[in-house]
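> Kindly generate the corresponding structure for this input.
(3 chains)
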Amino acid sequence: MISFVEVRPGAYRDSVALMQISRDLANLDGVSAVLVAMATELNLDLLASMGFDRPPKAGPNDMVVAISAEDDDALAQARIVLEKALRGEHERRDGGLAGSAGGAPAMAGGLAQPVSRITAGALDGATLALVSVPGPYAFPEAVDALDAGLPVMIFSDNMPLEQEVWLKAAAAQRGLLVMGPDCGTALVAGVGLGFANVVRPGPVGIVAASGTGAQQLICLLDAADIGISHCLGVGGRDLSAAVGGRSTLQALDLLDADPATDMVVVLSKPPDPAVAEVVSHRASTLSKPVVIGLPGDTFPDLTAVAAAVLDALGKPPRTWPRWTPINPLPRRSGALRGLYAGGTLRDEALSIARERLGRISVDDPGALGHALVDFGDDRFTMGRAHPMIDPTLRADQLGRDLANPATGVVLVDVVLGHGAHPSPATPIAEVVHQIAATGEILPPVVAALIGTETDPQGLEAQAQLLVDAGVRVFLSHAEAVHVALDLLTGESP
Amino acid sequence: MRTLPEEDPELVDVWQAPVTAVLTRQESAGLVGVTGAASVAIRPLLLGQPRQLVVLAAFPSAIYLTTGDGVVVALVGTNAVRLPCAVVLGSELPDLLQVAAQHTTHGASVGTGGVAVGQLRVEVARWWLPMPPAPPPDSTVLSRGLGALSARLSVQQHRLLRVVADGLRRLEAAVRTRDNRIAADATLNLLGLGPGLTPSGDDVLAGLLVGLNHLDWSRGVDPARSNGRLQPPISVVRDAIATRVLVDAPTRTSTLSAALLGHAARGEAAGEVTAVLNSLCGRRPLSPALMRLLAVGHTSGYDMACGILAAGRALLGQRDPGT
Amino acid sequence: MTADGSLPSEEANAAGLLAEPHRVVAVGAGFLAEAISSQAVAVSTVDWRPPVVDADPLARVLADPRRREANSAALGRILASRAHLVDLAPARDALRLEPGVLLHAGPPIDWERASGPLRGALIGAALFEGLAGTSAEAEKRLAEEITLVPCHERSTVGPMAGVVSPSMWMFVLEDPSTGQRSYCSLNEGLGKVLRYGAYSPDVIERLDWMSSVLGPLLRDAIRRNGPYDVSSTVAQMVQMGDEGHNRNRAGTLMFLRDILPYLAESTAPPRDVAAVTRFIGGNDHFFLNLVMPACKLALDAARDLPGSTLVVAMARNGTDFGIQVAGTGDAWFTAPAAVPEGLYLGAYGAEDANPDIGDSAITETAGLGGFAMAAAPAIVRFVGGAVADAIRTTQEMYEITLGEHPLYQVPVLGFRGTPVGIDTTRVVRTGLLPQINTGIAGKIAGMGQVGAGLVRPPIECFIQALDALAAAAPELAVSSA
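Predicted structure coming up:
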């Protein structure tokens, strides 16, 4: 077995692209382990844990390549494939530059030739910008977007607070909207940005400080045949005292003036009290009905917000879809283990479960006892793809928790839609099948399936994969949590 | 760098074609999988059980398919007319004609979330609404919009065929006076009138129907008093026209035109029409929207605009100044 | 119109922020761009790479509330500038250059650190002025008594060593609308010349002739017939295969064509007229010394605009590369100059080359030279490379500039204006450095020109400039907004 580690200073690819390259290399014959990643602390730790030597000089702006192979031939082969993959990416980025003098731009990979920067002149009629570079670098790109006269969605997280405040003040001055930072989901006239479900057009306009929270609400409404006009993400900090709800207030005005919107929902964690007052005052001046959905405050959970929207639209209450396995995994006592891709859903689980279970550890997968982990949290995503795309970390933890006799029930979220993994149910079902095949007796697994019937992954197909593995599946996350707790405490669900 | 001579549409097309459609190529099966944005008007059809389709007509940037019982599905490129029964592909596929030609050997179908023609399979990745979201806020806005529309149509070189113009004038008067019998009769006379895939008479009818559906500023106002005098609501005469269209179009005009009239009767229209309706509701400038509508077909855009104008005037209780 | 002069699309304005987006611009993760394009929405992606500077000073500079207007003003002044040749005169008169002072190219430097070619040119100038009888004596006086001042500090630019002494004749350029002036010496031709550090007797002899014949004849012609429109000739030469730095053939010929009748009409001896026209016609770079001060005039107009990130000078003294920025006054940001890559004359090679030297990078700073490479396909072989490289070079420079020059239009790019107005923030964000076309001087004093090629500034200059801009910008605070 030979090991190869190389640092490439200043080479940059986004984490999803590198993940795909790593996966392609790992599938080669004679290759046992591969990591191609940006050299963040987390990835260097990962490198060490994979048995590679930690390179001495490597920083987050450098790419690290580590390959473990059976022999020289396999290594050489892997390096050829690596170069091709990296170059392929590069050719796509630079495609046709020289040839484009007077001709059409080169097109590949479903996207038009990259523009060099966000300026109105280079945009060919673009009306919206999406920024998803690493957080510390997002500000200049967002400034470019505003300078070009575009509203901007900032998917990136970890943007310094003062930069968020500056951007939102500048945007308001120029009549533009900043969605984010840390805005995972938005829908503008049906077009999904970030992680977004496929919805029908309809009367409900959403202002959301939380991405997965919005997705849960959207999917519940879709199941009730209620469509969405727009979902404007504002970022998790918008209703803090420092930001003062700048984007939320703008979004409220936009939706009030929007002829496609009949009613407005504001979705947020409990905000700063003073800001809450300003927002609810503005909401009260709107010409349209407004539901202020603060799960844990005005409503117990997101499902209750959905019910309130139905009520406000004059629709009868309804039961939410669920999929029950023929042979569900039997209940047993032990610890609640919640493994999440969406932070808001983890929070919702925490607020529901804490009342019934008491002490629960948060975001520490190694903790004993009841634990809820958001794998989308910074500490798991620095230099790595989000768990909605890269299920590896969570799947590994799922395997450990399933095999642990102390586990009483496992809760997971499975989020569908644009931007998400092509089949997020698969890795979960696979792990369940794998552990079951070892003869272990498994704890029950409960999944919240966040999706619509026309999501690209297919709601029914994803549910079926989970149900076939004995997983209980619910469209409502709150229901899923209650069922999990019932299983744990012996109450009948 | 991106400024190109405007008089050369082909050049512009080449430049703008973003090729966003070809996402996955299932090379082994010879299938090309793409995604598109679909009108919610055909959502039940797209999500339902698979149904066979046959090609009605094919153009470089559009294919029209039918189930055989009057239902039409269109696959269109981003630069083609966005019919209310359309699935818009991410880009101009250069070989849509070829795709259509393959259907004789590979078949075509709709259902379970998409449309398949030949070796092309289109999955729906987004839904859009083929109608404007709300009527104009009041008669002043509509009146101002109609004035602009009328002025711009009067400077067009094109004119309605005389028989179509006469028929539309009669229909407009019947709508204004809420005369259901004459309205139904005038509708019947216009159906299928004129040459083409969508005859001129059908286009003015379609324009009139979507206009009556969406320009009714008095919706919600006490219907009997909307014009300051007692009158039955517009919906009564609109329904009379819609019923005539739904019953008689399938036997009096082409399948495509009948299908589009069916959509119009339900208030569903092409994106180009929706944009003009939005303009008349005061939500965006008229000029660019009307330019795009007038570019639809040889005369279809103009004909539909005339229908919309007639509907608007009738809703305001105004007479056609030409009579 | 937005403040930076761009027009947002009509749709966005008309239908508001919530209109169905038909095109989205995405920067960052590729899968998010693909997720949008799969919805039948066109996507433009941005070729993003991490900036070469810390995120904090960059954010502070971009957030400077003065930046947009200052940059817009700076660019506007550059584009509005027009240069007329209004006079010729010795530097002592034109610049009031006092005895004992010599001007030189690039950022400030002393004799101690001066490179071979700069020393050679300074020695030559001292000999020419009669300050010394021998090169040894000249070296001594230069080390002890003579004051060295950058050309840029006296509204002047000088190619290569750029040495100007009081007796040298200068072109005097003026912007007719502002009355602002700039200056440049007369071009000596190729080969063993002072600007490349040569100071042999024939070099001094040529300088004497330029002062006694060339300068006065041209002055008389200009004075008799009125100002000569340099800007207009520059605009034409760009469409005739010149980039205004390493190729000035068309510009020189146009100048000769225009000036010839006036020379012929003069009372000067026909022998002198013949010598002058032969000299100009035989020196393809004669017009460079008019392009450079025209550029200097434009860029000086953009100076001293607090908050502006636009580069107003790039210059080298053979040891250091220095830049100046509109928002930071007269401060120089310097780093060791690189040795150009290129082709060498005769038996010379890279080992003979001196690091980058000269004020001529003022042409690139103003949107000519390397920035206009696409307009000059004929020189790509001279500097190494293919026509496609020339086009790519110009296209790349659009990524670091604030605008396009409406006068300098590139035929093969569909008459698109050349990229102009280097933005410090763009350079450090993209890591793309300005492309400079340049001559290569021999590293030993007296050696002269050894080649020509391409060079880029050290990135450190731009990093320092950014830090200085950040220090001058208000702090970004939560409460400041």
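
> alpha carbons only for contacts and neighbour counts from here, please
Fine.

> Going by proximity to chain C, name the top residue of the stretch 151-300 of chain A.
residue A:162 (4.3 Å; CA to the nearest CA).

> List the residues that contact residue A:467.
A:323-326, A:473 (CA atoms under 8 Å, 6 or more residues apart in numbering or on different chains).

> Who wins on neighbours among these?
residue A:473 (27 neighbours; other CA atoms under 10 Å in any protein chain shown).

> Residue A:323 versus that residue, what's the distance?
5 Å (CA to CA, to the nearest Å).

> picking that back up, list just the nearest of the contacts of residue A:467 to chain B.
residue A:323 (20.0 Å).

> residue ranges with poor pLDDT in the chain?
Using chain A. A:10, A:87-116, A:120-122, A:383, A:492-493 (pLDDT under 70).

> try again with chain C
C:1-15, C:382-384, C:479-481.

> Which positions in it make contact with chain B?
C:14-15, C:37-43, C:413-414, C:416 (CA under 8 Å from any CA of the partner chain).

> ok, and which of these reach chain A?
C:37, C:39, C:41-43, C:413-414.

> so how far is the helix or strand encompassing residue A:131 off the chain centroid?
Here residue A:131 sits within strand A:128-132, counting by DSSP states H and E. Here the centre of strand A:128-132 is set off from its chain's centre by 16 Å, with CA atoms, centre = their mean, to the nearest Å.

> If I take the helix or strand following it and strand A:128-132, what angle do their directions form?
Note on strand A:128-132: by DSSP H and E, the next helix or strand toward the C-terminus is helix A:138-147. Between helix A:138-147 and strand A:128-132, the angle formed by their directions is 180 degrees, by axes from the mean of the first three to the mean of the last three CA atoms, to 10 degrees.

> anything in the helix or strand just after helix A:138-147 near chain C?
Going down the chain from helix A:138-147, the next helix or strand is strand A:152-154, by DSSP H and E. No. Strand A:152-154 stays out of contact with chain C when judged by CA under 8 Å from any CA, the minimum separation being 9.4 Å.

> Can you show me the strands along the stretch 51-200 of chain B?
B:51-52, B:54-59, B:62-66, B:72-76, B:86-89, B:108-111, B:114-117, B:120-128 (DSSP state E, counting those that start in this stretch).

> between the residues of chain C next to chain B, which is nearest chain B?
residue C:40 (3.6 Å).

> What count of nearby residues applies to that closest one?
Count around residue C:40 with other CA under 10 Å applied: 30.

> ditto for residue A:319
Counted with other CA under 10 Å, residue A:319 comes out at 9.

> name the element it belongs to?
Using DSSP H and E, no helix or strand contains residue A:319.

> Now do the shared contacts for residue A:473 and residue A:323.
What both residue A:473 and residue A:323 touch, as defined by CA under 8 Å, 6+ apart, is the set A:463, A:467.

> Where does the closest residue to chain B within the stretch 251-400 of chain C fall, secondary structure wise?
For the stretch 251-400 of chain C, the residue closest to chain B is residue C:395, as judged by CA to the nearest CA, at 9.9 Å. Assigned by DSSP H and E, residue C:395 falls within helix C:387-397.

> Make sure residue C:180 is actually in contact with residue C:298.
No. The pair residue C:180 / residue C:298 is not scored as a contact, 9.5 Å apart, by CA atoms under 8 Å.

> Those two: which is more packed in?
Using other CA under 10 Å, the more surrounded residue of residue C:180 and residue C:298 is residue C:298, with 28 against 16.

> quick one, what contacts that one?
Residue C:298 neighbours (CA under 8 Å, 6+ apart): C:77-83, C:366.
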